[in-house]
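[1] turn this into a structure:
(2 chains)
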Amino acid sequence: MPGTYSANAFTLAPASPQAAAISQLFVGTLIFLGAILALVTLLVIYAVIRYRDRPGAPAAQQNFGWRKLEIIWTAVPTLSLAVLSVFMVRTMIASDLPTADAKPDLRIVAHQWWWEIYYLKTGVVTANEIHIPVGKRLLVDFRSADVIHDFWVPAIGRKIDIVPGHPNRLWIEADRGGTYLGACAEFCGNEHAWMRIMVIADSPEEFAAWMKDQAAAPPGPTTAEEQRGLAIYRKSICINCHVNSVGPDLTHIASRRTLAAGALDNTPQNLAAWLHDPEDFKPGSNMPNFRLRDDEVWALVAYLETQK
Amino acid sequence: MKEVAIPEALGAESFELEARTGWLSWVTSVDHKQLGIMYMLGAFIFFLVAGVLALLMRVQLAVPYNHFLSPQAFNQFFTMHGTTMIFLVVVPMLVGFATYMVPLMIGARDMAFPRLNALSFWVQIFGGLMLYFSFATSGINGGAPAAGWFAYAPLSETAYSYGPGVNYWILGLLGIGVGTLTAGINLMATIISMRAPGMSLRRVPLFVWMTLITGFLIVVVMPILNAGLVMLLADRLLNAHFFRADTGGSAVLWQHVFWAFGHPEVYIMVLPAFGIISEVIPVFSGKPIYGYDFVAASTVAIAFLSLTVWGHHMFAVGLDNAFNLFFAISSMAIAVPTGVKIFNWTATMYQGRVRFTTAMLFAISFILMFTIGGLSGVAFAVVPIDWQLTDSYFVVAHFHYVLFGGTTFAIFAGAYYWFPKITGRMLDERWGKVHFWLTFIGFNMTFMIQHVLGMLGMPRRVFTYPALPGWEAMNMISTIGAFVLAFAVLIFMINFVISLRSGKIAGDNPWDAWTLEWATTSLPPAENFTRVPPIRGRRPLWDIAHPDRTDEMMTRVAG
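    The predicted structure is shown next:
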């Protein structure tokens, strides 16, 4: 079982100017709509109490309506919605910046049921966890490998569908450091629930260090056990899927926080349990159960833990 | 006052009252009352099935990392729950109310096309059975469809839904779609051509008005769905390329086709409910509806606007912001005529004498619950808010406030209101109040909290979830609420059975109502009326009871 998360995915706790613009509009709209609800509720409650049927109550007045009142309660909502739509347009401009001419920094390819992340300027490839430097605006190019998915990290900003045959682009940024949780928001089949994603906003120095590690080759296996793990990795066809985007690239798997797109925390024990039987944690995922022996699992874990 | 003989109905040969009895009299029936009852009972059975699916899902979601249901089962269940509630519960239930009540309310002997009426019902039922046969398909890819009730391509294509489930879904919906379409035609034809003398379109009860407009929407949009379904079926069975991007089709096209049908469908499910409320609130306030013309005209406005708002389901697709803006404005605009209705219902109660019958309690809380659903709908019309909240639990809460807090509350109001006419006995009011309060509490407990879950980032349609802060407790509350709601339905069923057997005898007009269905006996005779009372206004029975101050006199004085 994964542990509890310290970060949250609250739409009203923005970590970027775009998310802040939406959050502000959302709060304002909630207050406006809440006031209307309060008004209607009070009118209804007053009516049913004041005019309830009881002994001695006056007979019901047979009135059929009053045109002026009808015009008022048509016009006032129309005008207030017109005002709301002005705020809406302002927020649309602030939260969905034009993407036309820029070159993307990142490409995110959504798969059933994980995320593949390419840093286009350095060639780094990773999965399910997006590191970004605080204060820098990055253009993301979204592609789908199969069905429609949706990228949604509430603290970072708007969600966007990832539609096959319809590439989308979005500027993302964070103005304070932290881990921001999100998930695929468009139902995409069996394991839609475990297609979670996180954005990790590092300080520029941390980010540079992370990028340097990711761009370099990992330390690699040294002990006999680790060497054996590598042999199994190559022989047992793990490699067939994990080098050609059927499954996530594992070059730096040990540096990630979660496994299986958020289904488990990334610990050696969890990795071993996952290798024993992926169906236990992510039933219906494309990772098969290879029926590995205990010693094979632990050799694989030993090898994969060197992939920092 | 002179009573008027009703004109010969179209298809009047169907009134030869043959001596059929027992179940055969139902199976072979072309009588609008029998068909109306069968529509409603059929819809109620599917309501129970969809409710059980919902409870199973709520058990699965009660705690995080739950293994009660497999993801395959969960995904099939929410697909079937949504499809069933929309196509086999809400629409047929409202069509059933209309099929039973409209001919009575307009002083007709039957529907315009009685045989077509039977066809509509049976095609709809067999479509529903076809859909449910999918559960019986075997094999690793067998089982019910699992692509969601809007079956987005390419997930619904053979490449990602290998099994036959989606084929059953398409064929079942085609059957249901044909049934609904013909029912819509029949209701329109009945209302346009079968009204009793004096019953002008400015005098028909508002339920009839809403049914007429619903019929119009059905006729306009069901063909869009049926066309889309045929295209998807061609993709799946004939290797066509309508919605497959890899071979030149477009996944976005399916969304346009589906929602061009799908959003007006929401109004098909809501307008007749508005109609029920527009009957119940005046009767139990002792007053005519406030602003009849405006309630009727706002319905027409809603119907036309509803054809122009489908794009608000697609704000997250990443289409041009000009597209988004158009649909945002049209979606906000639809709130205005809806608000007009809310205000008129509320104003109807002012200076009245409000009787707290169970029907009225459901109708009053309908106003409040529907207002919540309508206002969260306005939030979704605001594009950037939609960008955050669409496909989250906030949207699940929103549409349940519209379709349960709204439509289903109205259906219960209508059930308590018309049960005496349909069965000749009253539904028990004490059980009714228990039913009402449990429904009210259970409903709000289940769905209010889901607004917050959505704001906290929980996506919809997940079979399980991590233990993020707050998610566990809120999901547990929602699950408990769902069981309270289910218990309320059980109370309703007990009340229904007891009242049917030994309820108080109703008499012709137990509520002091004014529309024509209360002028005949409870149960109505096979031919509905031998004589229809004179119709000089919107409340014929009021006019008879108050010859000194008929509606005509009072409106003339009021100007």
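[2] whatever residue of the stretch 151-300 of chain A ends up closest to chain B: neighbour count?
    Nearest residue of the stretch 151-300 of chain A to chain B, counting by C-beta to the nearest C-beta: A:G165, 2.7 Å away. For the C-beta atoms, the positions are set from N, CA and C on the backbone; glycine is no exception. Using other C-beta atoms under 10 Å in any protein chain shown, the number of residues around A:G165 comes to 17.
[3] same question for A:R90.
    Close neighbours of A:R90, defined as other C-beta under 10 Å, add up to 13.
[4] and the helix or strand containing it, what's buried?
    Assigned by DSSP states H and E, A:R90 falls within helix A:67-95. Using 16 or more other C-beta atoms under 10 Å in any protein chain shown as the test for burial, helix A:67-95 gives A:70, A:73-74, A:77, A:81, A:84-85, A:87-88, A:91-92, A:94-95.
[5] next secondary structure after it?
    strand A:106-111.
[6] can you tell me the SS state at A:H131?
    Assigned with DSSP: H, G, I helix; E, B strand; the rest coil, A:H131 falls in the strand class.
[7] can you pull up the bridge partners for it?
    A:I200 (DSSP bridges).
[8] how many neighbours does it have?
    A:H131 has 19 nearby residues by other C-beta under 10 Å.
[9] for the longest helix belonging to chain A, which positions count as buried?
    Secondary structure of chain A per DSSP state H: the longest helix is helix A:17-50. The neighbour-count check on helix A:17-50 (16+ other C-beta under 10 Å) flags A:17-26, A:29-30, A:32-33, A:36-37, A:40, A:43-44, A:47-48 as buried.
[10] angle of it against helix A:67-95?
    Between helix A:17-50 and helix A:67-95, the angle comes out at 160 degrees (axes from the mean of the first three to the mean of the last three C-alpha atoms, to 10 degrees).
[11] so what does helix A:17-50 touch, helix or strand wise?
    Applying 3 or more C-beta pairs under 8 Å, 6 or more residues apart in numbering or on different chains; DSSP states H and E, one finds that helix A:17-50 contacts helix A:67-95, helix B:321-349, helix B:358-381, helix B:383-389.
[12] what's the closest of these to B:A482?
    helix B:358-381 (16.2 Å; C-beta to C-beta).
[13] where does pLDDT dip in chain A?
    Along chain A, the model assigns pLDDT under 70 to residues A:1-7.
[14] break it into its domains for me.
    Domains of chain A are assigned by automatic domain parsing as A:17-53+A:62-95, A:106-215, A:224-304.
[15] one step back: the helix holding A:R90 close to chain B?
    Yes - counting by C-beta under 8 Å from any C-beta of the partner chain, chain B is contacted by helix A:67-95 at A:69-70, A:73-74, A:77-78, A:81, A:84-85, A:88-89, A:91-92, A:95.
[16] of all the residues in the helix ranked longest in chain B, which ones are buried?
    For chain B, the longest helix by residue count, based on DSSP H, is helix B:251-285. Neighbour counts over helix B:251-285 (16+ other C-beta under 10 Å) mark B:251-252, B:254-285 as buried.
[17] intersect the residues you listed with the contacts of chain A.
    B:251-252, B:285.
[18] can I get these in TSV with pLDDT?
    Conversion of those to TSV gives the following (pLDDT from 0 to 100):
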residue	pLDDT
B:A251	96
B:V252	97
B:S285	97
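[19] sorry, back to before: for the residues of helix A:67-95 next to chain B, which one is nearest B:R203?
    Using C-beta to C-beta, these come closest to B:R203 at A:E70, 19.4 Å.
[20] with adjacent residues omitted, what lies nearest to that closest one?
    B:F294 (4.8 Å; C-beta to C-beta, 6 or more residues apart in numbering or on different chains).
[21] let me see the ranges of the helices in the stretch 201-308 of chain A.
    With DSSP state H, counting those that start in this stretch as the criterion, the stretch 201-308 of chain A has helices at A:204-215, A:224-235, A:238-242, A:268-276, A:294-304.
[22] deepest-packed of those helices, please.
    Among the helices of the stretch 201-308 of chain A, ranked by average contacts under mean count of other C-beta atoms under 10 Å in any protein chain shown, first place goes to helix A:294-304 (a mean of 19).
[23] packing partners of it?
    helix A:224-235, helix A:268-276.
[24] does the last one reach chain B?
    No - contact check for helix A:268-276 against chain B, using C-beta under 8 Å from any C-beta: none in range, with a minimum separation of 12.9 Å.
[25] what is that helix packed up against?
    Identification of packing neighbours for helix A:268-276 by 3+ C-beta pairs under 8 Å, 6+ apart yields strand A:258-259, strand A:264-265, helix A:294-304.
[26] make TSV from these and add distance to B:R531 to it.
    Shown next, in TSV, are the helices and strands packed on helix A:268-276 (distance: least, C-beta to C-beta, whole Å):
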stretch	distance to B:R531
strand A:258-259	76
strand A:264-265	76
helix A:294-304	86
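[27] go through these and name the closest to B:I192.
    Using C-beta to C-beta, those put strand A:258-259 closest to B:I192, at 62.1 Å.
[28] partner strands of that closest one, parallel or antiparallel?
    Within its sheet, and counting by DSSP bridges, strand A:258-259 is paired with strand A:264-265 (antiparallel).
[29] the residue nearest to the spatial centre of chain A: what's it in contact with?
    Nearest residue to the geometric centre of chain A (C-alpha atoms, centre = their mean): A:G182, 2.5 Å. Under the criterion of C-beta atoms under 8 Å, 6 or more residues apart in numbering or on different chains, the neighbours of A:G182 are A:9, A:151-154, A:156, A:196-199, B:457.
[30] again, but for B:F44
    Shown in contact with B:F44 (C-beta under 8 Å, 6+ apart): B:89, B:93.
[31] give me the pLDDT for it.
    We note a pLDDT of 98 for B:F44 in this prediction.
[32] next up, phi/psi of A:V140, please.
    Backbone torsions of A:V140, given as degrees, to the nearest 10, read phi -110, psi 140.
[33] A:M211 versus that one, what's the distance?
    16 Å (C-beta to C-beta, to the nearest Å).
[34] with B:G432 instead?
    In this view, B:G432 and A:M211 are 67 Å apart by C-beta to C-beta.
[35] likewise for B:I45?
    For B:I45 relative to A:M211 (C-beta to C-beta), the value is 61 Å.
[36] quick revisit: need the domains of chain A in JSON lines with distance to B:R501, can you?
    Formatted as JSON lines, the domains of chain A follow (distance: least, C-beta to C-beta, whole Å):
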{"stretch": "domain A:17-53+A:62-95", "distance to B:R501": "30"}
{"stretch": "domain A:106-215", "distance to B:R501": "45"}
{"stretch": "domain A:224-304", "distance to B:R501": "48"}
